[in-house]
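**Student:** sequence plus the predicted model coming up.
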Amino acid sequence: MEKKKISIMIPCYNEEENVVPISEAVVKIMEEELPQYNYEILFIDNDSSDNTRTLLRGICEKNKNVKAIFNAKNFGQFNSPYHAMCQTTGDCTITMCCDFQDPIEMIPKFIKEWEAGYKIVCGIKASSKENPVMRFLRTCYYKLIKKMSDVEQIEHFTGFGLYDKSFIKVLQDLDDPVPFIRGIVAELGYRRKDLEYEQPKRRAGKTHNNWYSLYDAAMLSFTSYTKVGLRIATIFGFLMSVVSIIVALVYLILKLVYWNRFPAGTTPILLGIFVFGSVQIFFIGLLGEYIMNINTRVIHRPLVIEEERINFNSDLGIISESEEESEI
């Protein structure tokens, strides 16, 4: 009987300190603890500027079960891993970060639940050794988006988990130019199993997440899965209009009744301009986020542009540029 094949997908960007240790750790756990399975490890490099690609070429040269995709440019934190997931060829795909914050010890646990019948197994961060302030802000965000979304949202889920090949086929057919895997799993995924883990500190290097990238992730989920922002703008605008009309009528009546004793002055006008102006600017910005999301989907650019593939020829009949040169 042919062995089942496990795909492990690892996205990376400027991870020269981690790519070799993570590849060795995954190979060790697959060959020593899970020898009953075939495996492939797929790295997708999002245009690293350090020595990551050179190291990946060396890893792929030593082990043909390790594959690599090199993107022509940096296509963002969502597109690159999603594209790589769609290129895996295993009976299931496990996605994990390159910095060891997704524990490799979870791989056998994921596979055990998959063999028990679950087509999706999600790793849930029950606790974390990250900055307590960031942990608190993430928790608030998850609670907020969960209450506002029409679709179930999975708290403290980063995408780390196992996905059956049937769900990978769903991703391949989805054709979403702005994929948000956490929302897609919650909205379109099969019955799943959630496994909790403690997130360790990053092994080496610096995180590439900053306030802008975190804000980008938050707004993508907010504009993709909630209508609350626009509804609040509509309701708030209506209520403020009613209040404005009432205040205007009261001022008019008082001025007509007490013409000489009621100087309206400029204070109410200034307050009204600043309050209404700030509210309008805020909701125009919120509306812009929705429009930007729509615009990205309408343009429908490809997820990534690949510059090179390594070790794909055996499965897909595709020869990377470096392999083609070596054969000539």
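**Tutor:** The structure has been received and is ready for your questions.
**Student:** and the gap between residue 301 and residue 286?
**Tutor:** Residue 301 sits 24 Å away from residue 286, going by CB to CB, to the nearest Å. Glycine gets a C-beta too; all of them are placed from N, C-alpha and C.
**Student:** so those two - more neighbours on which side?
**Tutor:** residue 286 (17 against 12; other CB atoms under 10 Å).
**Student:** helix or strand: which one has the more buried one?
**Tutor:** helix 267-299 (DSSP states H and E).
**Student:** next, the buried residues of whichever helix or strand comes after that helix.
**Tutor:** Once the chain leaves helix 267-299, the next helix or strand it forms, by DSSP H and E, is strand 306-310. By neighbour count on 16 or more other CB atoms under 10 Å, the buried set for strand 306-310 is 308-310.
**Student:** equivalent analysis for stretch 169-186, please.
**Tutor:** Buried residues in stretch 169-186, counted by 16+ other CB under 10 Å: 170-171, 176, 178-186.
**Student:** cool, and stretch 18-32?
**Tutor:** Under 16+ other CB under 10 Å, the buried positions of stretch 18-32 are 18-19, 22-23, 25-27, 29-30.
**Student:** from the buried residues of stretch 169-186, pick the one nearest residue 136.
**Tutor:** residue 182 (19.3 Å; CB to CB).
**Student:** what packs against the one helix or strand the closest one maps to?
**Tutor:** Element membership for residue 182, per DSSP H and E: helix 181-188. Judged by 3 or more CB pairs under 8 Å, 6 or more residues apart in numbering; DSSP states H and E, the packing partners of helix 181-188 are helix 76-87, strand 157-164, helix 165-174, helix 211-225.
**Student:** and if we set it to 10 Å?
**Tutor:** helix 76-87, strand 120-128, helix 132-148, strand 157-164, helix 165-174, helix 211-225 (3 or more CB pairs under 10 Å, 6 or more residues apart in numbering; DSSP states H and E).
**Student:** any idea which of these scores lowest on pLDDT?
**Tutor:** Mean pLDDT is lowest for helix 211-225 among these, at a mean of 63.
**Student:** the helix or strand following it versus helix 267-299: what angle between them?
**Tutor:** Next helix or strand after helix 211-225 toward the C-terminus (DSSP H and E): helix 228-257. With axes from the mean of the first three to the mean of the last three CA atoms, to 10 degrees applied, the angle from helix 228-257 to helix 267-299 works out at 160 degrees.
**Student:** how close does residue 254 sit to residue 3?
**Tutor:** In terms of CB to CB, residue 254 sits 86 Å off from residue 3.
**Student:** pull the helix or strand residue 68 falls within out as CSV, backbone CA atoms only.
**Tutor:** Using DSSP H and E, residue 68 maps to strand 66-71. Taking Å, rounded to 0.1, in the frame of the first residue of the first chain, the C-alpha atoms of strand 66-71 are listed here in CSV:
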residue,chain,number,x,y,z
VAL,A,66,12.4,19.9,0.0
LYS,A,67,11.0,22.3,-2.6
ALA,A,68,11.2,26.1,-3.0
ILE,A,69,9.4,28.8,-4.8
PHE,A,70,11.1,32.2,-5.1
ASN,A,71,8.7,35.1,-5.7
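**Student:** helices or strands up against it?
**Tutor:** So strand 66-71, by 3+ CB pairs under 10 Å, 6+ apart, packs with strand 5-12, helix 19-32, strand 38-45, helix 52-62, helix 76-87, strand 306-310, helix 313-316.
**Student:** run me through the strand neighbours of that strand, direction for each.
**Tutor:** If you go by DSSP bridges, strand 66-71 pairs up with strand 38-45 (parallel), strand 306-310 (antiparallel).
**Student:** would you list those in a markdown table and tack on mean pLDDT and distance to residue 8?
**Tutor:** Shown next, in a markdown table, are those (pLDDT from 0 to 100; distance: least, CB to CB, whole Å):
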| stretch | mean pLDDT | distance to residue 8 |
| --- | --- | --- |
| strand 38-45 | 96 | 5 |
| strand 306-310 | 94 | 16 |
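**Student:** now distance to residue 123 too, for those, in CSV please.
**Tutor:** Output for the strands paired with strand 66-71, formatted as CSV (distance: least, CB to CB, whole Å):
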stretch, distance to residue 123
strand 38-45, 18
strand 306-310, 28
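**Student:** residue 247: which of those strands is closest?
**Tutor:** strand 38-45 (58.0 Å).
**Student:** what's the angle between the closest one and helix 76-87?
**Tutor:** Going by the same axes, to 10 degrees, strand 38-45 makes 150 degrees with helix 76-87.
**Student:** that concludes my questions; thank you for your assistance.
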